[in-house]
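Peer 1: Next come a sequence and a model predicted from it.
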Amino acid sequence: LEGGHAGPVTCITMSHDERNVLTAGYDGTTIVWSLEGDFLSVLEGHSGAITCLHTLSRNGFAITGSEDGSVRVWDSKATESHTAYWHNGLVRAVSCGRSGIAVTVGDDCIARVWNAGLGEHLRSYLKHKSSIRWCAQSEDGYRILTASPDRQISVWDPRTGNMLYGVAAKSGSRVKTFSASADLTTAVSCLFDSTVECWDLVSGRVSWVIQTSRQQTGKQRAAGHSSAVNEVVMTTDGRLVVTASKDCTARIWDVANKTCKHVLVGHEDSVVGIVLEQASRTLVTFSLDHSLIVWDLESGKRISRAKFKTPITRTALSINGKVAIALTNGCVNLIDLHSGDIREIPRLHHADITGITFSRDGSLLISSSWDCSMKVIDLARGCVRGVAVLDSPITCFSLDKESKHLCAGTDRGTVAFIDMGALL
């Protein structure tokens, strides 16, 4: 392909339908050509040399990375860039839903709603007064939840921008960790003083105080943790709440009966993380003692236990009985719950891993890291199937396993959209 770029060509790739060729160069442009060498279009927008180029899926999208620090997603059939969008500060959380809607929230107190397939910004919510740390959306995509450390919880209609219901901000201890049911009608929050509260979000009232930092009596004292609570998670149906504590235990609470259902004992140090696999009703807890325990959520019985040499930072459960454990050295270990076998994926990243999840069928593992990269691992072949590099460390990502849309956020406020259809 002769001509076109005003400098050396750095990358070349073929479109997924094998009808076009894309080239990228030092001049910051990407050019789309026919296989016969005819010029079709030029994709302009980078201010520095393009260092990587990848076609995303059969819908004609491509992604480019540049020395200018940006990542852009393009429709190669047009000249428009579905490019990196920005929060004014660190992106704290991302939710990508089946309806094709993505939500991103961050330190700028703004919640942004996007068309995940096109990367188009649809709406912004500016009603929070402090950094938004948590977001979620209902399965039908008609409700979006945002929550802040000042105890404000809001549920919105993304079509109109109107707030449907929620809880007003409150003074006092701030929210440490938060979780909500799938229908966004109930939620649980844990404050830094270890008060744990269940909320009826529709009425905006507390439905049950699981435990409080104040002096407790009777059943509350007997049921509550004896030390600080690190994490809370609610099941998608809103029936159960799981808490993890510095007292080396995790507890399963029955929301309807307002009782402690099980006390999970087995760790030798503070329990710092919880992962739920809703389909199999399985629970994973991990601790500062570098151990991981898998539990049956309904019976509270221990299924398996493993211990590692370095701290565990993230875990994920697959539908086919595998647990992925991210360690502080950038490695990932896979545990087969059926056989107990442990398999190591060494040095997957060169910095701490910030998120991991499985594909819907459990055959692929997707990870993100402070090293600015995301990777897709083919577990059967043991090879990297795809890599995406963003402009700064990745803080969070969300993958909708139905639509195969992925949305990621960085510590600089960049929001990136990747159509994972070709890989998943």
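Peer 2: Sure, I can see it. Source: prediction; values computed, not measured.
Peer 1: so Leu201 touches Trp156, yeah?
Peer 2: No. Taking Cβ atoms under 8 Å as the definition, Leu201 is not a contact partner of Trp156, at 11.8 Å. (Each C-beta comes from the backbone N, C-alpha and C, glycine too.)
Peer 1: tell me the phi and psi of the nearest residue to Ser270 once chain neighbours are set aside?
Peer 2: Across the structure, with Cβ to Cβ, 6 or more residues apart in numbering as the measure, the residue nearest Ser270 apart from its sequence neighbours is Lys246 (4.2 Å). Note on Lys246: its backbone torsions stand at phi -70, psi -10 [degrees, to the nearest 10].
Peer 1: element containing Thr315?
Peer 2: Thr315 belongs to strand 312-317 when elements are defined using DSSP states H and E.
Peer 1: Check which element follows that strand along the chain.
Peer 2: For strand 312-317, the succeeding helix or strand toward the C-terminus, using DSSP H and E, is strand 322-327.
Peer 1: just checking, what packs against the next helix or strand after that next one?
Peer 2: Next in sequence after strand 322-327, counting helices and strands by DSSP H and E, comes strand 332-336. Helices and strands in packing contact with strand 332-336 are listed as strand 302-307, strand 322-327, strand 342-345, strand 364-369; criterion 3 or more Cβ pairs under 8 Å, 6 or more residues apart in numbering; DSSP states H and E.
Peer 1: List the contacts of Thr282.
Peer 2: Remark: with contacts taken as Cβ atoms under 8 Å, 6 or more residues apart in numbering, Thr282 is in contact with 276, 294-297, 303, 317, 337.
Peer 1: Recalculate using a threshold of 7 Å.
Peer 2: The contact partners of Thr282, taken as Cβ atoms under 7 Å, 6 or more residues apart in numbering, are 294, 296-297, 317.
Peer 1: List only those of those flagged as buried.
Peer 2: Burial by neighbour count, judged by 16 or more other Cβ atoms under 10 Å, picks out 294, 297, 317 from the contacts of Thr282.
Peer 1: Now pLDDT and distance to Leu43 too, for these, in a markdown table please.
Peer 2: Shown next, in a markdown table, are these (pLDDT from 0 to 100; distance: Cβ to Cβ, whole Å):
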| residue | pLDDT | distance to Leu43 |
| --- | --- | --- |
| Val294 | 90 | 47 |
| Leu297 | 93 | 49 |
| Leu317 | 89 | 39 |
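Peer 1: quick one: which of those residues is nearest Arg72?
Peer 2: Within these, proximity to Arg72 (Cβ to Cβ) peaks at Leu317, which comes in at 33.7 Å.
Peer 1: For the residue nearest to Ser270, the count of nearby residues, please.
Peer 2: Lys246 is flanked by 17 other residues according to other Cβ atoms under 10 Å.
Peer 1: isn't it right next to Asn230, touching?
Peer 2: Yes. Shown here, Lys246 and Asn230 form a contact pair, counting by Cβ atoms under 7 Å, at 6.4 Å.
Peer 1: between these two, what contacts are shared?
Peer 2: Taking Cβ under 7 Å, 6+ apart as the criterion, Lys246 and Asn230 both touch Ser270.
Peer 1: mind listing what Thr13 touches?
Peer 2: Contacts of Thr13 (Cβ under 7 Å, 6+ apart): 22, 53-55.
Peer 1: so which two of those are the farthest from each other?
Peer 2: When Cβ to Cβ is used, the two most widely separated members of these are Leu22 and His54, lying 9.3 Å apart.
Peer 1: Looking at those two, which one has more neighbours?
Peer 2: For Leu22 versus His54, neighbours defined as other Cβ under 10 Å are more numerous around Leu22 (23 against 18).
Peer 1: C-terminal to the strand or helix carrying that one, what's the next element?
Peer 2: Leu22 is part of strand 20-25, with elements assigned from DSSP H and E. Remark: after strand 20-25, the chain's next helix or strand is strand 30-34, criterion DSSP H and E.
Peer 1: Now do that next one and strand 20-25, the angle between them.
Peer 2: Computed by axes from the mean of the first three to the mean of the last three Cα atoms, to 10 degrees, the angle separating strand 30-34 from strand 20-25 equals 150 degrees.
Peer 1: Return strand 30-34 as PDB; C-alpha atoms alone will do.
Peer 2: Coordinates of the C-alpha atoms in strand 30-34 are reproduced here as PDB (Å, rounded to 0.1, in the frame of the first residue of the first chain):
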ATOM      1  CA  THR A  30      -4.800   5.300  10.800                       C
ATOM      2  CA  ILE A  31      -5.700   4.700   7.200                       C
ATOM      3  CA  VAL A  32      -8.200   2.100   5.900                       C
ATOM      4  CA  TRP A  33      -7.500   0.500   2.600                       C
ATOM      5  CA  SER A  34      -9.100  -2.000   0.400                       C
END
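Peer 1: Counting neighbours, which bits of it end up buried?
Peer 2: Quick answer for strand 30-34 (16+ other Cβ under 10 Å): 30-33.
Peer 1: And for stretch 149-168?
Peer 2: 149-156, 158, 164-167.
Peer 1: just to revisit the earlier point, what pairs with the strand holding Leu22, parallel or antiparallel?
Peer 2: strand 9-14 (antiparallel), strand 30-34 (antiparallel) (DSSP bridges).
Peer 1: which one of those strands lies closest to Glu402?
Peer 2: Go through these one by one with Cβ to Cβ and the one that ends up closest to Glu402 is strand 9-14, at 27.6 Å.
Peer 1: Could you point out which residue ranges in the stretch 151-300 of the chain have low pLDDT?
Peer 2: Scanning the stretch 151-300 of the chain for pLDDT under 70 picks out the ranges 214-223.
Peer 1: In it, what residue spans correspond to strands?
Peer 2: 153-156, 163-167, 175-180, 186-191, 196-200, 205-211, 229-234, 240-245, 249-254, 259-265, 271-277, 282-287, 291-296 (DSSP state E, counting those that start in this stretch).
Peer 1: Which strands and helices lie in contact with the second one?
Peer 2: Packed against strand 163-167 by the contact rule (3 or more Cβ pairs under 7 Å, 6 or more residues apart in numbering; DSSP states H and E) you find strand 153-156.
Peer 1: can you pull the contacts of Glu298?
Peer 2: By Cβ under 7 Å, 6+ apart, the residues touching Glu298 are Arg281.
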